[in-house]
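> sequence and predicted structure are below.
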Amino acid sequence: MRSIASFTLIASSSTFVLVGAVPQHQGNPICLDQTTITVTAPATADPTSSPDSNVQIHREKALKTVTETITVVRTVEAVPEQSTDSGTTETVTVFTTETGTVTVKSSPKTDIPDPTTQPQEYWSPDPTASPPPINRPHYGNATQPGLYDNSSLPANTSSSGLTNLPILPRPSSTAAVESSSGYVLPPSPAYENSIYFTNWGIYGANYQPQSIPASMITRVYYAFASFSSDGTVSSSDAYADVQKHYPTDSWNDAGNNAYGCVKQLYLLKKKNRQLKVVLSIGGWNDSPRFPAMASSATARVNFAKTAVQLVTDWGFDGIDLDWEYPENAAQAADFVRLLAELRKQLTAWTAANAGGYRFLLTVASSAGPSHYNVLDMSEADRYLDSWNLMAYDYAGSWDTMSGHQANLFPVPSTPAATKFSTDKAVADYIAKGVPASKILLGLPAYGRAFDSTGGLGQPFYGVGPGSPALQTPGLWLYKDLPRPGATEIYESAAGASYSYDTAAQELISYDNVLSAKKKGSYVKAKGLAGSFFWEASGDKQGAESLVGALAGELGKLNLQPNLLSYPTSQYDNIRSGMPGL
């Protein structure tokens with residue numbers, strides 16, 4: 001076996017890394033252009049020297065397919081007991097990304113081990129060494145998402161992390177970033193940044209689908225669909241969902257067409273291919289109907305079939321189950337059975353109509369131990385893509401002391417103000433078998449008020465009026481905060497913020513930009529899947545946007561494309577894909 005050289009190549013402000021001819025990269029690899037570079041190892045290379053020099057490649061044009069011969073000034077790292085092949089030529093292929101980060105793949109060589117058949121030799125001269133783990137990549141392109149229609153994310157079934165690896169899709173039949181052996185390294189993590197959008201928000205809050213910050217998010221959870229005792233899932237507001245005509249909607253279209261929020265969300269999906277719309281079913285008001293319905297096998301099947309029918313009629317990308325909350329072991333078992341039936345019906349539809357595209361199946365789940373300890377989490381997780389951890393409402397009108405409603409951590413000096421914590425819930429979820437990479441951290445886009453109080457962890461008397469749009473005492477939309485006369489305070493120890501008006505003795509607990517960024521940092525540190533907000537109408541715009549703050553803190557968002565083809569939809573415009581719009 002020939003010894004393998006170790007080089008660092010720098011071109012056009014991008015870093016090309018070739019280690020033992022293994023393709024390395026940082027960032028999300030998107031193959032835009034292709035450049036072949038011929039690297040010649042000098043005969044004077046010293047295999048014992050420290051490899052800390054660089055080769056500079058300067059170009060006048062954008063990267064394209066060219067061949068260049070350069071002199072390697074880094075040393076060659078020889079495999080033990082093998083001589084260095086000085087003066088030989090190695091060819092690598094470079095793929096660029098829009099961020100300037102690249103990945104490298106090796107050319108076909110019969111004398112370099114194939115990582116799918118000789119993983120240990122490929123990674124290390126030591127035959128007992130283990131290769132690094134391989135995770136499933138996210139893929140997509142923010143500027144050209146349309147190239148990746150209906151792509152599914154293949155499963156990585158390798159126990160070693162080096163076989164059956166996923167290949168990035170291309171608009172043609174060729175794979176995007178793969179070596180001659182089919183090997184590809186994953187990108188760095190990509191995150192979900194999501195919002196719940198309520199169909200009643202188009203009224204009092206006057207928050208329409210066109211206001212959704214689609215470029216900064218990856219999922220919209222559309223709340224809520226309703227269901228009957230026999231399990232039939234249906235629209236909770238047909239006017240808001242499919243009937244309302246916006247100014248751009250014609251009254252003269254032929255056929256049976258969807259309008260309202262459903263049409264506008266489909267148009268957002270067309271323009272923002274990373275955006276997936278998920279139908280949320282249930283919610284607080286409908287949850288009392290879940291136990292009886294879910295206890296019937298017939299009703300569960302009907303629930304799943306009609307839910308999938310509504311999702312595919314409306315052109316959505318999955319289902320979110322919002323059952324608040326299973327109360328005992330029997331209900332927890334029915335919860336799992338309902339998820340299993342939903343996954344079965346979702347998979348059946350995509351197998352028949354969407355080439356195996358994977359619909360999302362998620363649940364809105366509690367951060368309260370008395371609720372999540374009831375669940376059989378490891379069993380439920382078998383069917384789920386995400387757990388939407390509702391990490392808010394830790395304190396409110398039901399308490400006797402004021403407190404943080406969404407703190408990350410407990411604060412020992414003010415225990416009454418931090419009776420619950422997100423960090424504890426996350427740790428418990430993981431201990432119960434939920435992968436961190438499936439947890440979405442929920443943030444409130446609203447605040448909870450405490451009147452006539454001396455501060456955090458102090459008695460309060462009443463909660464005050466709240467935002468007019470919400471018509472709920474003590475609840476304030478984030479965009480209405482802080483109130484006039486109040487001072488905004490960020491408590492770093494808690495990972496939480498609040499405002500306090502000394503004169504009025506009013507405290508309101510809510511997330512601001514600082515606490516939102518802290519939570520984004522927490523998501524990354526803990527390896528969580530991302531975040532979501534309840535709910536979209538409460539956010540501000542510009543520099544004070546919580547959704548924007550999270551998007552900026554998370555950095556790379558999941559750009560895996562949505563689905564646009566719904567051949568079974570009852571609506572002509574969704575079935576046709578709304579051409580020209």
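Structure received.
> shaky segments in the stretch 101-250 of the chain?
101-188 (pLDDT under 70).
> can we see that at 50?
Scanning the stretch 101-250 of the chain for pLDDT under 50 picks out the ranges 101-186.
> check contacts around the closest residue to P369 other than its chain neighbours.
Distances taken as Cβ to Cβ, 6 or more residues apart in numbering put D428 closest to P369, at 6.7 Å, once the chain neighbours are dropped. Every C-beta, even on glycine, is put in place using the N, C-alpha and C of the backbone. The neighbours of D428, taking Cβ atoms under 8 Å, 6 or more residues apart in numbering as the test, are P369, Y372, N373.
> equivalent analysis for D385, please.
G318, R358, L360, L361, T362, K438.
> so which of those comes closest to D511?
T362 (21.3 Å; Cβ to Cβ).
> so the residue nearest to P369 is in which element?
helix 422-431 (DSSP states H and E).
> need the next SSE after that helix, C-terminal direction.
strand 439-444.
> got a list of contacts for that next one?
192, 194, 362, 367, 386-393, 405-406, 422, 426, 429-430, 478, 510-511, 516, 519, 522-523, 528-534, 538, 546, 550.
> what is the mean pLDDT for that strand?
The average pLDDT within strand 439-444 is 99.
> after that strand comes which helix or strand?
Next along the chain after strand 439-444, taking DSSP H and E as the criterion, comes strand 446-450.
> can you list the strands that that next one pairs with?
Within its sheet, strand 446-450 is paired with strand 475-477 (antiparallel), strand 506-509 (antiparallel), according to DSSP bridges.
> looking at the ones you listed, which is buried most?
Sort these by mean neighbour count, taking mean count of other Cβ atoms under 10 Å, and strand 506-509 sits at the top with a mean of 26.
> just the CA coordinates for that one, please, in CSV.
C-alpha atoms of strand 506-509 as CSV (Å, rounded to 0.1, in the frame of the first residue of the first chain):
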residue,chain,number,x,y,z
GLU,A,506,-45.4,45.2,37.8
LEU,A,507,-43.1,42.4,36.8
ILE,A,508,-43.4,40.7,33.4
SER,A,509,-41.4,37.5,32.6
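> same question for it, mean pLDDT?
The model assigns strand 506-509 a mean pLDDT of 99.
> can you list contacts of it?
With Cβ under 8 Å, 6+ apart, strand 506-509 has contacts from 395, 402-406, 447-453, 455-456, 460, 464, 476, 481-483, 486, 496-501.
> and the next helix or strand past that strand?
Following strand 506-509 toward the C-terminus (DSSP H and E): helix 513-526.
> what comes up buried for that following helix?
Within helix 513-526, the residues scored as buried using 16 or more other Cβ atoms under 10 Å are V513, L514, S515, A516, K517, K518, K519, G520, Y522, V523, K526.
> neighbouring contacts of it?
Counting by Cβ under 8 Å, 6+ apart, 189, 191, 406, 408, 422-423, 426, 436, 441, 443, 490, 492, 495-497, 511, 528-531, 543-546, 549-550, 552-555 sit against helix 513-526.
> please repeat the previous calculation with a cut-off of 7 Å.
Residues outside helix 513-526 that contact it (Cβ atoms under 7 Å, 6 or more residues apart in numbering): 191, 408, 426, 436, 441, 443, 490, 495-497, 530-531, 544, 546, 549-550, 553-554.
> dump the residue contacts of T418.
G403, H404, N407, P410, V411, A494.
> among these, which one lies nearest to Q274?
Distances from Q274 to the contacts of T418, taken by Cβ to Cβ, are shortest for N407, at 30.7 Å.
> so that closest one: helix, strand or coil?
Three-state secondary structure (criterion: DSSP: H, G, I helix; E, B strand; the rest coil) places N407 in coil.
> could you pull up the contacting residues of G548?
By Cβ under 7 Å, 6+ apart, the neighbours of G548 are P213, M216.
> state whether it is indeed within a strand.
No - read with three-state DSSP, G548 is helix and lies in no strand.
> that one and V513, how far apart?
G548 sits 9 Å away from V513, going by Cβ to Cβ, to the nearest Å.
> name the member of the contacts of D428 with the most neighbours.
Y372 (20 neighbours; other Cβ atoms under 10 Å).
> worst-scoring helix or strand of this structure, pLDDT-wise?
helix 119-123 (a mean of 28; mean pLDDT, DSSP states H and E).
> tally of neighbours for A333?
A333, neighbours per other Cβ under 10 Å, totals 17.
> how much space separates it from W398?
With Cβ to Cβ as the criterion, A333 and W398 are 29 Å apart.
> run a quick neighbour tally on R483.
Counted with other Cβ under 10 Å, R483 comes out at 17.
> how about the residue nearest to L581 when sequence neighbours are not counted, secondary structure?
Leaving aside its chain neighbours, L581 sits nearest to L267 (5.9 Å; criterion: Cβ to Cβ, 6+ apart). Of the three states, L267 takes helix according to three-state DSSP.
> burial measure for L267, as a count.
17.
> what's the answer for W284, then?
Neighbours around W284, by other Cβ under 10 Å: 11.
> okay, and it sits in which element?
Per DSSP H and E, there is no helix or strand for W284.
> give me the distance between K276 and N558.
Distance from K276 to N558, by Cβ to Cβ: 9 Å.
> with F420 instead?
29 Å.
> now swap in L339 and tell me
22 Å.
> the two: which has the busier surroundings?
L339 (25 against 21).
> these two touch, right, that one and Y383?
Yes - using Cβ atoms under 7 Å, L339 makes contact with Y383 at a distance of 4.3 Å.
> buried stuff in the helix or strand harbouring W349?
Per DSSP H and E: W349 is located in helix 329-353. Of all the residues in helix 329-353, those buried under the rule 16+ other Cβ under 10 Å are 331-343, 345-347, 349-350.
> same question for stretch 398-410.
Buried, per 16+ other Cβ under 10 Å, within stretch 398-410: D399, M401, S402, G403, H404, Q405, A406, N407, L408, F409, P410.
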